[in-house]
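K.L.:
Test case, fold it:
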Amino acid sequence: TCVSTPVMALSDTGTRASPPAQRVSDRPNIVLISTDDQTLMEMRWMPQTRELLGEHGATFRNFIAPHPLCCPARAQILTGQYAQNNGVLGNSGPHGGVNAFEPHEATALPVWLQNAGYRTGFTGKYLNSYNENHGVPPGWDEWDATVDGIFDYYGFEQYDGTDLTHPDGHQTDYLAQSSA
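P.N.:
This next block holds a predicted model:
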């Protein structure tokens, strides 16, 4: 199981123009949490997650994951396209990771949400092989991606679009605090 959990927090703060048909307060805030390689059985060891998120969020009881591998799954969430259509077929190599996804970033979920008036933020693991040289992908107002040590509890490195930092403490605690 991967320890790095990206959190994409999206809020309708009214800082951008909202469509006339909806007032800011009429639209929901969205928090999308994605984990790698996690099974339903592992949730039994996470009672707080089940109580705080599972009992109050959306639960999909009848679903399939067409490509349940880290990068293809994330690319599918971010594009709304199957892996064979978005080009991210693996975690690395010419058809995997951030390099395969970059051509689709300008038309992905955070851009759609920004265009709809949402404010977007990201923290955690983006896609495999992402580093500061890739810059901040389009559509993100706030950015705090893990660029090194993505599988480490300690000794990881974060990139906020400007600076690289080496936060102290446990990565899970850091991600929880930075996404609050």
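K.L.:
quick one, strands of this protein?
P.N.:
Ranges of strands in the chain, per DSSP state E, are 7-11, 30-33, 119-124, 142-148, 157-159, 164-165.
K.L.:
Output these as CSV; include the columns mean neighbour count.
P.N.:
C-beta coordinates here come from the backbone N, C-alpha and C atoms, glycine included. Converted to CSV, these look like this (neighbours: other CB atoms under 10 Å):
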stretch, mean neighbour count
strand 7-11, 20
strand 30-33, 14
strand 119-124, 22
strand 142-148, 20
strand 157-159, 21
strand 164-165, 12
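K.L.:
Could I get those strands in TSV, plus columns for mean pLDDT and distance to W45?
P.N.:
As requested, the strands of the chain are exported to TSV (pLDDT from 0 to 100; distance: least, CB to CB, whole Å):
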stretch	mean pLDDT	distance to W45
strand 7-11	55	20
strand 30-33	85	16
strand 119-124	95	20
strand 142-148	96	23
strand 157-159	97	27
strand 164-165	97	30
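K.L.:
now those as CSV including distance to Q48?
P.N.:
Formatted as CSV, the strands of the chain follow (distance: least, CB to CB, whole Å):
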stretch, distance to Q48
strand 7-11, 16
strand 30-33, 13
strand 119-124, 18
strand 142-148, 22
strand 157-159, 24
strand 164-165, 27
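K.L.:
which one of these lies closest to Q76?
P.N.:
Closest to Q76 of the strands of the chain is strand 30-33 (CB to CB; 12.6 Å).
K.L.:
Give me the sheet partners of the closest one and which way each runs.
P.N.:
Strand 30-33 sits in its sheet next to strand 7-11 (antiparallel), going by DSSP bridges.
K.L.:
circling back to that earlier point, of the strands of the chain, which approaches C70 most closely?
P.N.:
strand 119-124 (12.2 Å).
K.L.:
Run the chain-centre distance for that closest one.
P.N.:
What separates the centre of strand 119-124 from the centre of its chain is 7 Å, taken as CA atoms, centre = their mean, to the nearest Å.
K.L.:
now do stretch 48-59
P.N.:
Distance, centroid of stretch 48-59 to centroid of chain: 18 Å (CA atoms, centre = their mean).
K.L.:
quick one: terminal-to-terminal distance for it?
P.N.:
One end of stretch 48-59 sits 16 Å from the other (CA to CA, to the nearest Å).
K.L.:
can you check stretch 153-163 too?
P.N.:
Start-to-end, stretch 153-163 (CA to CA) is 21 Å.
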